[in-house]
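Undergrad: model this:
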Amino acid sequence: MKFKMDLTGVEKLEMTIYNAHSKTVEQANKVTRNNGERLKRKAKEEAPVEFYFLQEQIVSRYSPLTAMVHAQASYSAYQEFGTRFMPAQPFMKPSLLWVQPKYQKDMTDVMKGVFK
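TA: Predicted structure coming up:
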């Protein structure tokens, strides 16, 4: 199950960061990783609890300026979106919406350092 947050102008932002001082790239990667971990923790808190399997299956991977947090449990999409027999119990989208403002603020602070 995946949720994707699309931000307009990401390519331009990436080029600006990569063309900036290497310290800026490190800061941007740190912001992305820290907020990715916040997202993972929040998703684990929000996930429905039944034997804790779903929480254990929420994992993260990182590459430059990218955080991928996803639930690997085969039934995670059913929990998130529901079925005709069971109502949805969303945990990923609410977690993403919770972390998004902090991530945007942190990345804005990094970029303000570039454009001083």
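Undergrad: from residue 80, how far out is residue 96?
TA: Relative to residue 80, residue 96 is positioned 11 Å away (Cβ to Cβ, to the nearest Å). For every residue, glycine as well, the C-beta is placed using N, CA and C.
Undergrad: same deal with residue 113?
TA: The separation that residue 113 has from residue 80, given Cβ to Cβ, amounts to 36 Å.
Undergrad: who has more neighbours, those two?
TA: Per other Cβ atoms under 10 Å, whichever of residue 113 and residue 80 has more neighbours is residue 80, with 19 against 13.
Undergrad: can you pull the contacts of the more buried one?
TA: 1, 71, 88, 89, 90, 91, 92, 93 (Cβ atoms under 8 Å, 6 or more residues apart in numbering).
Undergrad: at 10 Å instead, please
TA: Contacts for residue 80 (Cβ atoms under 10 Å, 6 or more residues apart in numbering) come out as 1, 3, 47, 48, 71, 88, 89, 90, 91, 92, 93, 94.
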